[in-house]
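*Asks:* fold the stuff below for me.
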Amino acid sequence: MSLLFALFTTLQVFASDLSVQVETGAVWQHQNDVKITPQNGTLVEFDHFNQGPFFHYRLDFIYKFNDKHAIRGVYAPFNISVSDEISSPVNFNDQSFSAGQDLTINYKFNSYRLGYLYKLYDSSSLVFNIGATLKVRDAKIEFVQNTTKTKYDNVGLVPLLFVSLDYKVSNSWNIHSDMDFAAAPQGRAIDLTVKARKELSKNSQLGFGVRSLEGGADNDKVYTFSWFNYLVVDYLIGF
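*Replies:* Numbers count the residues shown, from 1 in each chain. Below you'll find the predicted structure:
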C-alpha cells in the first residue's frame, strides 16, 4: 500500500507541471504540387482537385522541468484523398496515367515532434520562449487510376527552430502564437499559429484562431510544395 501511495504522489508531482492542448478544425489546400521524378515526372497541382475543407486534429503537450526549461511534444496526423478527371496524361513515379479518366490521389503527411523550450523573457503581460524541435515526417503520396497505382513514401527527420509568445490582453484573455520553422536549399518548413485564448479556470483555456503550414522539397528524387491554411479551436488544460 505504501508503494502505491508513493507512486501516486510521484505522478501527481509530475502531472502538476504538464499541460495538454487538443486542437481541431477545418483545413484548406491553398497549394499542393508534386512532381516525381523531377526529371521525367508531370507536375500535378492536386489542390485543384479539391481545396477542402478537410477535418484535422492534433495534440500538443508541454512538460516543465522548472520555470525556465521544458519539453514539448506534438502529434499531428493528416490524411486526405482527392479525385478528379485529368485532361492530359500524367507520369508519376515512373508510372503512366491516362487522360480523360479520374485520378485519385491519397495524401498523407503525419508529423511527430519532440522539442526543448527555454523561457527567454517573462513579465506580467508577455512570455517569450525559444527552442528547437526534432520532427519525424511520415509522408506518402499515392496515385490510383482503376487498377493502376503507385506511391512514393518518405520518412525522415527534420530539425526545426521554435519560438512562441503569450501576450496577456486582460485578466481572462491572451494572445498566443508559436512557430516551428526551418529553411535550406533543399526545402523549407513553416508551421505558424495565432490564437486568442479565453481563460475558463485556473488550469484551462479555450482558444480559437488560424494556422498556416507550408513546406516542400526540391532535389533529384522529388519536387513537392504544400501550403495549408486552417481555422482551429483548441482546449488547453494543465494538470
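*Asks:* buried residues in stretch 184-204?
*Replies:* 187, 189, 191, 193, 195, 197, 199 (16 or more other CB atoms under 10 Å). In this view, the C-beta of every residue, glycine as well, is placed from N, C-alpha and C.
*Asks:* got it, and stretch 212-229?
*Replies:* 213-217, 222-229.
*Asks:* for the most centrally placed residue in the chain, give me its contacts.
*Replies:* Centroid-nearest residue in the chain, with CA atoms, centre = their mean: Ala76, separated by 5.1 Å. Ala76 is in contact with 58-59, 110-113, counting by CB atoms under 8 Å, 6 or more residues apart in numbering.
*Asks:* tell me the bridge partners for it.
*Replies:* Per DSSP bridges, the residues bridged to Ala76 are Ser111.
*Asks:* roughly how far apart are it and Pro89?
*Replies:* As for Ala76, its distance to Pro89 is 35 Å (criterion: CB to CB, to the nearest Å).
*Asks:* mind checking pLDDT for Leu4?
*Replies:* According to the predicted model, the pLDDT of Leu4 comes to 41.
*Asks:* let me fix that, I meant to ask about Pro185.
*Replies:* So, for Pro185, pLDDT stands at 74.
*Asks:* surely Asn203 and Val20 touch.
*Replies:* No: the pair Asn203 / Val20 is not scored as a contact, 10.7 Å apart, by CB atoms under 8 Å.
*Asks:* who is Ala182 paired with across the strands?
*Replies:* Counting by DSSP bridges, Ala182 forms beta bridges with Ala189.
*Asks:* what sits against it?
*Replies:* 158-161, 188-189.
*Asks:* which of the residues you listed has the weakest pLDDT?
*Replies:* Arg188 (85).
*Asks:* list the contacts of it.
*Replies:* 181-182, 214-216.
*Asks:* can you rerun that using 6 Å?
*Replies:* Residues near Arg188 by CB atoms under 6 Å, 6 or more residues apart in numbering: Gly215.
*Asks:* that one and Ser123, how far apart?
*Replies:* Distance of Arg188 to Ser123, computed by CB to CB: 32 Å.
*Asks:* coming back round to it: among the buried residues of stretch 212-229, which two are most distant?
*Replies:* Val222 and Asn229 (23.2 Å; CB to CB).
*Asks:* and Trp188, how far is that from Lys221?
*Replies:* Quick fix: residue 188 is Arg, not Trp. Distance from Arg188 to Lys221, by CB to CB: 17 Å.
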